[in-house]
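> with the input below, show me the fold.
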Amino acid sequence: MAITAITTEPTYAPPGKVRLVFTASGGGNYVRVWCTNAPVGSQWRTKLDQSAANAKAARVLMVECGVAEKPDVELDVGGVYVLAAQEYTRGAASYGGGHKGDPDSYDSETKLGAEATLSVYVGQRLVSPIGAPEYGTAKLVVWVWNGTIRATTATTHGERTPAIFGATGKALTAAENTSVLSHVDALADITPATSMAGLAALHAELQLDLPLHFNNNGGAWHNVADAYNDSEIESLPAAPATPEGYYYAAQVMLRRLRCHMVNDDGSGAGGRLLHATGGGSVAAPDYGNLPVASRPSGSAHMALAMAAYGELYRAYVAHIANTSVHSAADTTNTIVATVPPLLDLHAEFIDAQRTLSPTAPATQNPAATELIHSAGFIEIPPSI
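Take a look at the predicted model:
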């Protein structure tokens with residue numbers, strides 16, 4: 001018999017005033033709740049730190065009220081609030097008292113069951129860059145509660161998410177692309193692990209399939225085998241364990257795939273007749289499917305690694321299917337690994353950015369979209 005749960009209204013509460021709802025199993029009518037841990041920067045963490053500094057108990061009373069009440073509590077920072085809750089029966093015994101202030105005149109109070117340790121989750125807003133820097137970037141915004149990404153609404157949370165904000169130019173076109181939007185919506189109600197599930201398997205398959213495709217597989221696709229761009233890929237670790245490892249591996253594979261696609265054997269583009277029209281003697285580099293040669297500045301960020309793998313996956317799949325530069329499509333070294341939802345979103349976003357003739361967003365003049373994508377224009381509003 002105890003307080004078995006403390007939930008919030010709304011279920012996915014943003015920082016601010018949060019309404020607590022108690023579930024009790026002991027049949028009591030009263031509850032006390034203490035905060036024992038709170039997010040850094042919150043007022044409750046400050047109170048706990050002050051209590052510890054004064055050599056007091058590592059808990060601060062948060063609320064006491066009837067079990068059926070729903071008190072509003074200020075939880076000003078997103079994260080996890082660890083609470084201790086005790087259920088009571090109050091006022092069950094008949095007391096009188098012989099004088100003013102007599103303790104016998106106080107309501108009786110009986111503990112019911114053991115004190116419970118419970119957690120209340122307040123939403124945290126997370127932002128990640130998305131897009132190719134040379135085409136323009138935007139911000140992917142998600143909110144999380146406990147272990148899951150959740151959808152938010154403008155009414156309750158001040159914004160609808162998951163969503164892409166702050167896009168301009170080619171990034172704006174991508175942010176309004178219907179396929180990109182469907183991939184954004186797919187992030188709701190999944191865990192971070194699910195959003196990235198399969199990245200290691202995709203890395204392993206790309207590391208295996210790229211050299212196999214390069215090496216011609218018996219002359220099925222190329223004029224000659226590409227024995228120049230495979231070794232560096234084959235030397236990569238089988239399973240990168242850090243953002244730096246993934247970022248570096250993706251850049252190596254992107255660089256070698258680009259060299260392969262433009263017939264570069266180390267002496268420059270065209271140094272080796274790997275790709276030719278119909279497998280003949282007329283060079284036909286695969287310029288149309290080239291991956292974006294992005295080299296973002298700054299530290300190796302996992303968002304950049306995800307974007308790089310997304311672009312690598314897109315370019316490779318398109319390249320091996322291109323019969324304009326191969327004597328036949330490579331149907332042997334295809335990718336069978338599941339593409340993680342977050343990586344798939346990065347791939348879709350960059351693919352929407354790179355096209356010369358995109359569908360104009362409903363709220364943009366078609367001529368503006370066409371000039372931005374096909375003629376290199378940028379939009380600069382008039383000075384006011």
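> mean confidence score for stretch 226-244?
Average pLDDT, stretch 226-244: 91.
> show me where the stretch 101-250 of the chain has strands.
Along the stretch 101-250 of the chain, the stretches classed as strands by DSSP state E, counting those that start in this stretch are 109-122, 124-130, 138-145, 148-150, 163-165.
> so which of those is nearest Ser327?
strand 124-130 (37.2 Å; C-beta to C-beta). For the C-beta atoms, the positions are set from N, CA and C on the backbone; glycine is no exception.
> name the residues that touch that closest one?
With C-beta atoms under 8 Å, 6 or more residues apart in numbering as the test, strand 124-130 has contacts from 78-79, 137-145, 161, 164, 171, 301, 303-304, 307, 345-346, 349.
> now list the buried members of those.
For the contacts of strand 124-130, a burial check counting by 16 or more other C-beta atoms under 10 Å picks out 78-79, 137-145, 161, 164, 171, 303-304, 307, 345-346, 349.
> you'd agree Thr332 is up against Asn216?
No: using C-beta atoms under 8 Å, Thr332 makes no contact with Asn216, being 11.1 Å away.
> re earlier: to Asp230, which of the strands of the stretch 101-250 of the chain lies closest?
strand 124-130 (30.9 Å).
> next one: the closest one to chain centre, how far?
On the basis of C-alpha atoms, centre = their mean, to the nearest Å, strand 124-130 sits 7 Å off its chain's mean C-alpha point.
> what angle do it and strand 138-145 make?
150 degrees (axes from the mean of the first three to the mean of the last three C-alpha atoms, to 10 degrees).
> Arg32 versus Gly113, what's the distance?
Separation of Gly113 from Arg32 (C-beta to C-beta, to the nearest Å): 13 Å.
> wait, Trp221
Separation of Trp221 from Arg32 (C-beta to C-beta): 73 Å.
> ok, now Ala225?
75 Å.
> same question, Thr363
53 Å.
> looking at these two, which is more packed in?
More neighbours surround Arg32 than the other of Thr363 and Arg32, with 18 against 7 (other C-beta atoms under 10 Å).
> wouldn't that one be in contact with Ala85 here?
Yes: contact criterion C-beta under 8 Å: Arg32 and Ala85 qualify, at 7.2 Å.
> quick one: mean pLDDT over stretch 198-211.
Mean predicted confidence for stretch 198-211 is 95.
> ranges for the helices of the stretch 251-384 of the chain?
According to DSSP state H, counting those that start in this stretch, the stretch 251-384 of the chain carries its helices in the segments 302-320, 341-354, 366-374.
> that should have said the stretch 101-250 of the chain, apologies.
So, for the stretch 101-250 of the chain - with DSSP H, counting those that start in this stretch - the helices run 154-157, 169-175, 178-185, 192-195, 199-214, 231-234, 243-261.
> which other residues reach stretch 23-35?
Contacts of stretch 23-35 with the rest of the structure, by C-beta under 8 Å, 6+ apart, involve 1-7, 20, 22, 44, 47-48, 59-68, 81-91, 109, 112-113.
> which of those fall within helices?
Judged by DSSP state H, the subset of these located in helices is 44, 47-48.
> between those, which is closest to Pro14?
Once C-beta to C-beta is applied, the member of the ones in helices among the contacts of stretch 23-35 that ends up nearest Pro14 is Trp44, at 16.2 Å.
> check contacts around that closest one.
By C-beta under 8 Å, 6+ apart, the neighbours of Trp44 are 35, 38, 60, 62, 75, 81.
> and stretch 79-92, how far out from the chain's middle?
35 Å.
> try stretch 360-372
Relative to the centre of its chain, stretch 360-372 is centred 28 Å away, using C-alpha atoms, centre = their mean.
> what do you get for stretch 343-360?
Centroid separation for stretch 343-360 versus its chain: 18 Å, with C-alpha atoms, centre = their mean.
> check stretch 60-76 too.
Centre to centre, stretch against its chain (C-alpha atoms, centre = their mean), the figure for stretch 60-76 is 33 Å.
> list the buried ones in that stretch?
Quick answer for stretch 60-76 (16+ other C-beta under 10 Å): 60, 62-63, 67, 71, 73, 75-76.
> quick check: the farthest pair among the residues you listed?
Val67 and Asp76 (25.2 Å).
> what is the burial count for the closest residue to Val80 other than its chain neighbours?
Distance criterion C-beta to C-beta, 6 or more residues apart in numbering; nearest residue to Val80, sequence neighbours excluded, is Ser119 at 5.3 Å. Here the count is done by other C-beta under 10 Å, and Ser119 has 11 residues near it.
> now Glu159
14.
> show residues contacting stretch 311-326.
Here stretch 311-326 has contacts from 132, 202, 206, 209-210, 213, 221-222, 250, 253-254, 257, 261, 275-277, 279, 284-286, 288-292, 294, 329-330, 333-335, 339, 343, 346-347, 350-351, using C-beta under 8 Å, 6+ apart.
> same check, this time on stretch 157-172
12, 14, 123, 125, 130-131, 135-143, 149, 151-154, 174-175, 180, 184-185, 187-188, 349, 353-354, 361, 364, 372-373, 378-379.
> run the last query once more with 6 Å
The contact list for stretch 157-172 (C-beta atoms under 6 Å, 6 or more residues apart in numbering) reads 14, 131, 135-143, 152-154, 175, 184, 187-188, 353, 372, 378.
> got CSV for the helices of the stretch 251-384 of the chain, with distance to Ala241 and mean pLDDT too?
Below are the helices of the stretch 251-384 of the chain laid out as CSV (distance: least, C-beta to C-beta, whole Å; pLDDT from 0 to 100):
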stretch, distance to Ala241, mean pLDDT
helix 302-320, 12, 91
helix 341-354, 17, 92
helix 366-374, 38, 91
